[in-house]
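Asks: predicted coordinates and the sequence they were generated for:
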Amino acid sequence: KKVTPHVYIPLVVGGGINSKQNIQEILNIDSKISGFAIGSEFHKNKLSVGEVKEIIKKNSFPVRKLPIEKNIKLKKSINVAIVDYSMGNVESLRNGLKKIGANVILTSDNNLIQKANIVALPGVGSFPEGMRQLREKNLINSLKNKILNGGSLIGICLGMQLLFEEGNEYEKCKGLGFIEGNIEKLPNKTKLGQSIILPNVGWNRLTSCKYNRDWYGTLEDDFSQYFVHSYGAIKGNINPKYGLFESLHGDCEYFSAVKKNKVIGLQFHPERSGADGLELLVKIIEKLCM
């Protein structure tokens with residue numbers, strides 16, 4: 001109760017939860033609480049996921065349904081090289097790509113990057129540090145040669161942001177320049193002055209952009225993916241012809257996915273977004289390899 005009036009980022013309560021009553025007490029504290037973490041009580045079978053979801057639902061909080069398992073596979077063998085530049089945990093992306101049937105390597109070797117059907121540039125962290133790591137590992141020219149030779153690249157999260165000409169996280173920093181435009185911090189207030197939590201963590205809806213509907217098609221009205229970011233490709237800073245999907249942070253519109261030729265940027269994490277995310281990843285990879 002003392003913390004919530006002073007917190008403007010997601011607040012997760014963790015530790016000491018051992019009963020349904022504890023969960024109810026947490027939900028009663030303050031609407032600013034974004035979540036709570038339970039560990040040992042699940043392992044000891046003292047609480048079940050179903051019980052916890054039922055409590056949350058009774059308190060009128062939205063509960064995301066578990067996705068129906070689908071057999072989502074690529075139609076042909078595709079080699080994907082995940083760029084290894086020491087920016088974030090790549091295991092979830094590697095596991096997701098393996099699950100859809102891709103042949104995956106994690107590498108910083110230029111020859112392997114050039115030979116791959118698809119290059120995946122993931123990333124967790126800041127824009128300047130991401131570019132510094134790419135420079136130190138001599139990967140910038142490797143990625144540029146891949147694009148100049150007509151290769152396909154998918155940037156995810158920070159990897160999407162690095163595709164642009166410039167980022168403004170902590171300082172102005174030159175990006176890879178594959179897509180015109182710059183990355184800016186998302187607003188922490190609406191146009192009416194209401195506070196918005198940053199970073200933007202959680203599920204957010206995607207809407208198809210009109211310029212690239214012929215390439216991808218349209219999404220369902222409730223299609224959502226998992227996001228973790230504070231900076232983004234805010235509409236107005238980016239030519240709308242590059243927009244693939246868009247999303248909202250408060251009342252701020254930003255491109256949650258972009259496309260230029262065979263370069264795709266995804267601000268969200270499809271590999272962490274269940275069956276819908278893997279299905280989207282399959283469709284994008286297959287279209288890039290057509």
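Replies: Okay, I see it. Numbers count the residues shown, from 1 in each chain.
Asks: mind listing what's buried in whichever helix in the chain runs longest?
Replies: What stands out as the longest helix in the chain, according to DSSP state H, is helix 274-288. Of the residues in helix 274-288, Gly274, Asp276, Gly277, Leu278, Glu279, Leu280, Leu281, Val282, Ile284, Ile285, Leu288 count as buried by neighbour count, 16 or more other C-beta atoms under 10 Å. C-beta coordinates here come from the backbone N, C-alpha and C atoms, glycine included.
Asks: same for that helix, what does it pack against?
Replies: Helix 274-288 is packed against helix 91-99, strand 152-156, helix 213-216, strand 224-229, with contacts defined by 3 or more C-beta pairs under 8 Å, 6 or more residues apart in numbering; DSSP states H and E.
Asks: pick the most deeply packed of these.
Replies: Sort those by mean neighbour count, taking mean count of other C-beta atoms under 10 Å, and strand 152-156 sits at the top with a mean of 25.
Asks: that one pairs with which strands?
Replies: With DSSP bridges as the test, strand 152-156 is paired with strand 118-121 (parallel), strand 263-266 (parallel).
Asks: what does the last one rub up against?
Replies: Think strand 263-266. The contact list for strand 263-266 (C-beta atoms under 8 Å, 6 or more residues apart in numbering) reads 147, 152-157, 159-161, 163, 178-179, 233, 244, 256-259, 284, 288.
Asks: what does the average pLDDT come to for it?
Replies: For strand 263-266, mean pLDDT is 98.
Asks: for Phe36, find the nearest of the helices and strands packed on helix 274-288.
Replies: Proximity to Phe36 (C-beta to C-beta) singles out strand 224-229 among the helices and strands packed on helix 274-288, at 17.9 Å.
Asks: tell me the mean pLDDT for the following helix or strand past the closest one?
Replies: Using DSSP states H and E, the helix or strand that follows strand 224-229 in sequence is strand 231-234. In this model, strand 231-234 has a mean pLDDT of 98.
Asks: shouldn't Tyr242 be in contact with Lys235?
Replies: No: the pair Tyr242 / Lys235 is not scored as a contact, 10.7 Å apart, by C-beta atoms under 8 Å.
Asks: list the contacts of Val52.
Replies: By C-beta under 8 Å, 6+ apart, the contact list for Val52 reads Ile23, Ile38.
Asks: got the phi and psi for it?
Replies: phi -60, psi -40 (degrees, to the nearest 10).
Asks: then Leu106?
Replies: Dihedral angles phi and psi of Leu106 (degrees, to the nearest 10) take the values phi -100, psi 120.
Asks: quick one: pLDDT of it?
Replies: At Leu106 the predicted local confidence, pLDDT, stands at 97.
Asks: circling back: quick one: closest of the helices and strands packed on helix 274-288 to Val124.
Replies: Among the helices and strands packed on helix 274-288, strand 224-229 comes nearest to Val124, with 7.8 Å by C-beta to C-beta.
Asks: adjacent strands (with direction) for that closest one?
Replies: In the sheet, strand 224-229 lines up against strand 200-205 (antiparallel) (DSSP bridges).
Asks: chain center to the partner strand, what's the gap?
Replies: When distances are taken as C-alpha atoms, centre = their mean, to the nearest Å, strand 200-205 is centred 9 Å away from the chain's centroid.
Asks: cool, stretch 195-202 as well?
Replies: Counting by C-alpha atoms, centre = their mean, stretch 195-202 is centred 14 Å from the centre of its parent chain.
Asks: cool, and stretch 159-178?
Replies: Distance of stretch 159-178 from the chain centroid (C-alpha atoms, centre = their mean) equals 16 Å.
Asks: which of the residues in that stretch are classified as buried?
Replies: The neighbour-count check on stretch 159-178 (16+ other C-beta under 10 Å) flags 159-164, 166-167, 169, 173, 175-176, 178 as buried.
Asks: in CSV: the strands paired with strand 152-156, plus distance to Asn28.
Replies: Formatted as CSV, those follow (distance: least, C-beta to C-beta, whole Å):
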stretch, distance to Asn28
strand 118-121, 43
strand 263-266, 37
